[in-house]
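>>> What follows is a protein structure lacking sequence information:
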């Protein structure tokens, strides 16, 4: 049953969980779908519908218990455990990812870093020694990893994704500016600020039209 | 009319444009919706429907002319001009954004960088001198900017977004791990690798269930 939940719903759950964490920190114990929606610019109906895929939460007119809904979402999303991450590519972007402080507190630990350049292999990046890309398969055989992060140039990205998938990884976070192919049983998310900017310029242009002479 | 185009459609157009650029570089002159779809893991029907919002492209059974469709998409998205970008926050993440080589070739130029810390104000980041955050409004009054990039800690992000919006910016790329509020006439995109990872662990968990004892 859970496999039929739309991906857009799954993608919103971490946003709800983050907002509930913030509410809990602020000392709130109960939150209505209305108040949660206002916080996130989502309609209350959307929140109720999204959560309805996972059972009944909250009582009519009483709102959700912040702690119990948060615990439930963390369980659904698997945020209550540690996840092992391998990073491939430690150029400028990969370095920034490796030292980014936001992953570890959320349970995502970068346990291995790979690069094909002899210049960086053997150096320390974010407390991890960079391994040669050739060792990817042998490392992953001995040290299974949950998520592969791809931070190589666009040209090399598909090959790296294929190798990660063939080595058994079923979740890929791709920073390369291209759209890699993955088998149906592999989940991929693309992080691409240029695409995000390019989708915004459409709206800036729309606005500029009436103002132009 | 164009204002009624769903946002998900607009978000896919830069992906199509990028694939068409790659095809053009490979020397392809014509591409079918089938072939484009296979490249992007999108159905041909989806591509045809998305493009139909903007007029008629390609001829039945003959596919799209790569160069002319690319030119049309670039025009629709405003990729045929330069966009001025201001970056707020030059901690570790902001530094990485400032030196990231992927924006400029796509027409996005970081023309100003701001930070509130006296330690970094006055230093050079990616060929731009860091200005004090207090100067944000006066700078933007004299040097209008199209897109604001927010790379400050979560706690400071809403205030920075508000200041950018009040100074006239109508497009925000937010890297802070929270969901800022913006008025309806402002477009915002959130770049958040942690949320992306958290939406993937759901699927990893689903797969692990049958395998677990």
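Perfect, I can see it now. A quick note: this is a predicted structure, and the numbers were derived from the prediction, not measured.
>>> only C-alpha atoms for contact and neighbour calcs from this point on.
OK.
>>> and residue A:85, which of the three is it?
Under DSSP: H, G, I helix; E, B strand; the rest coil, residue A:85 falls in the strand class.
>>> you'd agree it is up against residue A:146?
Yes - between residue A:85 and residue A:146 there is a contact under CA atoms under 8 Å: 5.9 Å.
>>> just checking, next helix/strand downstream of the lengthiest strand in chain A?
Ranked by number of residues, the top strand in chain A under DSSP state E is strand A:108-115. Counting by DSSP states H and E, the next helix or strand C-terminal to strand A:108-115 is strand A:124-125.
>>> mind listing what the helix or strand following that following strand pairs with, with the direction of each?
Per DSSP H and E, the first helix or strand lying C-terminal to strand A:124-125 is strand A:128-132. The strands beside strand A:128-132 in its sheet (DSSP bridges) come out as strand A:108-115 (parallel), strand A:124-125 (antiparallel).
>>> So which residues make contact with strand A:128-132?
Identification of contacts with strand A:128-132 by CA atoms under 8 Å, 6 or more residues apart in numbering or on different chains yields A:111-118, A:120-124.
>>> Could you point out which of these is nearest to residue A:74?
residue A:111 (22.3 Å; CA to CA).
>>> neighbours of that closest one, just the number please.
Residue A:111 has 16 neighbours, counted by other CA atoms under 10 Å in any protein chain shown.
>>> Please verify my assumption that it contacts residue A:82.
No - taking contacts as CA under 8 Å, residue A:111 lies outside contact range of residue A:82: 11.3 Å.
>>> Flag the shaky bits of chain A, pLDDT-wise.
Counting by pLDDT under 70, the ranges of chain A that qualify are A:1-3, A:59-60, A:208-213.
>>> all strands for chain A, in order.
Here chain A has its strands, by DSSP E, at A:30-31, A:64-65, A:83-88, A:108-115, A:124-125, A:128-132, A:147-150, A:171-174, A:187-190.
>>> So if we follow the domain assignment, how does chain A break up?
The record's domain split for chain A, according to automatic domain parsing, is A:2-77, A:83-195.
>>> Please work out which of those domains is packed deepest.
domain A:83-195 (a mean of 18; mean count of other CA atoms under 10 Å in any protein chain shown).
>>> Start and end of that one, how far apart?
Domain A:83-195 has its terminal residues 28 Å apart, counting by CA to CA, to the nearest Å.
>>> Over to stretch A:83-98?
Across stretch A:83-98, first to last residue, CA to CA, it's 15 Å.
>>> which residues are contacting it?
Here stretch A:83-98 has contacts from A:107-116, A:120, A:125-126, A:133, A:144-152, A:160, B:92-93, B:96, B:100, using CA under 8 Å, 6+ apart.
>>> and with 7 Å instead?
Stretch A:83-98 is contacted from outside by A:107-115, A:125-126, A:145-152, B:93, B:96, using CA atoms under 7 Å, 6 or more residues apart in numbering or on different chains.
>>> can you list the residues of chain A near chain B?
Within chain A, the positions near chain B by CA under 7 Å from any CA of the partner chain are A:10-11, A:14, A:40, A:76-79, A:93, A:96, A:103, A:170-171, A:179, A:187, A:189, A:191, A:193-196, A:198-202, A:204-205.
>>> Okay, the closest residue to residue A:9 other than its chain neighbours and chain B: tell me how far apart.
Nearest non-adjacent residue to residue A:9, counting by CA to CA, 6 or more residues apart in numbering or on different chains: residue A:50, 5.8 Å away. Distance, residue A:50 to chain B, by CA to the nearest CA, to the nearest Å: 14 Å.
>>> Might one say that residue A:50 is in contact with residue A:7?
No - look at residue A:50 against residue A:7 with CA atoms under 7 Å: they stay out of range, at 10.8 Å.
>>> Give the bridge partners for the residue lying closest to residue A:197 once chain neighbours are set aside, please.
Spatially, and ignoring its direct neighbours in sequence, residue A:197 is nearest to residue B:173 (7.1 Å; CA to CA, 6+ apart). When bridges are called by DSSP bridges, residue B:173 pairs up with residue B:149, residue B:189.
>>> which residues touch residue B:173?
Residue B:173 sits next to B:148-150, B:188-190 when contact means CA under 7 Å, 6+ apart.
>>> one more time with 6 Å
Under the criterion of CA atoms under 6 Å, 6 or more residues apart in numbering or on different chains, the contact list for residue B:173 reads B:149, B:188-190.
>>> ok, now residue A:44?
The contact partners of residue A:44, taken as CA under 6 Å, 6+ apart, are A:33-34, A:37.
>>> at 10 Å what do you get?
Residue A:44 sits next to A:32-38, A:50 when contact means CA atoms under 10 Å, 6 or more residues apart in numbering or on different chains.
>>> Just the closest of the residues you listed to chain B, please.
residue A:38 (9.0 Å; CA to the nearest CA).
>>> Surely that closest one and residue B:180 touch.
No - using CA atoms under 10 Å, residue A:38 makes no contact with residue B:180, being 11.0 Å away.
>>> before we move on, the earlier item: could you export the strands paired with strand A:128-132 as a markdown table, including distance to residue B:44?
Formatted as a markdown table, the strands paired with strand A:128-132 follow (distance: least, CA to CA, whole Å):
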| stretch | distance to residue B:44 |
| --- | --- |
| strand A:108-115 | 36 |
| strand A:124-125 | 42 |
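>>> nearest to residue B:71, of those strands?
So among the strands paired with strand A:128-132, strand A:108-115 is nearest, using CA to CA, at 36.4 Å.
>>> end to end, how far does stretch A:142-160 reach?
18 Å.
>>> Would you mind giving the contacts of residue B:173 as JSON lines with distance to residue B:64 added?
Below are the contacts of residue B:173 laid out as JSON lines (distance: CA to CA, whole Å):
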{"residue": "B:149", "distance to residue B:64": "35"}
{"residue": "B:188", "distance to residue B:64": "31"}
{"residue": "B:189", "distance to residue B:64": "30"}
{"residue": "B:190", "distance to residue B:64": "32"}
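>>> Pick the one among those residues closest to residue B:63.
Nearest member of those to residue B:63, counting by CA to CA, is residue B:189, at 32.3 Å.
>>> can you tell me which residues contact that closest one?
Contacts of residue B:189 by CA under 10 Å, 6+ apart are A:193, A:196-197, A:199-200, B:149, B:171-175, B:179-180.
>>> Let's see that with 7 Å instead.
Neighbouring residues of residue B:189 by CA under 7 Å, 6+ apart: A:196, B:172-174.
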